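J.: quick one: sequence plus predicted model below, questions after.
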Amino acid sequence: MKKTKFVICIENSEYLASLETRKIYQVLPDENAKKTGHIRIIDESGDDYLFPASCFIDAQLPQAVRDAIVNAA
């Protein structure tokens, strides 16, 4: 089973309505987005969109926390 990836938003100046800084977001796999320097995340609306990868850092979360986030959705 592939591990669910999470990131933390560190920059939202161009995406104030969609992203909150210091918030954890779930990443959805998207190889085409990765090729262009973007990542696909589930944003504040609950939908998935592409954002520049530079707006985020990887969240190194313990498995128990990952499970709690995924199961709470």
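T.: Received the coordinates, thanks.

J.: please report the distance of the residue nearest to residue 28 when sequence neighbours are not counted from residue 64.
T.: Spatially, and ignoring its direct neighbours in sequence, residue 28 is nearest to residue 40 (4.5 Å; Cβ to Cβ, 6 or more residues apart in numbering). C-betas here are computed from N, CA, C, even on glycine. Applying Cβ to Cβ, to the nearest Å, the value for residue 40 to residue 64 is 25 Å.

J.: just residue 26 next, same as before
T.: 16 Å.

J.: so which residues of the protein form helices?
T.: 31-35, 63-72 (DSSP state H).

J.: let me see the contact set for the residue nearest to residue 28.
T.: Residue 40 is in contact with 27, 28, 29, 30, 33, 48, 49, 50, counting by Cβ atoms under 8 Å, 6 or more residues apart in numbering.

J.: same question for residue 23.
T.: Counting by Cβ under 8 Å, 6+ apart, residue 23 has contacts 8, 9.

J.: kindly recompute the last result at 6 Å.
T.: Under the criterion of Cβ atoms under 6 Å, 6 or more residues apart in numbering, the neighbours of residue 23 are residue 9.

J.: so what sits opposite the residue nearest to the spatial centre of the chain in the bridge?
T.: Nearest residue to the geometric centre of the chain (Cα atoms, centre = their mean): residue 25, 3.4 Å. Assessed by DSSP bridges, residue 25 has beta-bridge partners residue 7.
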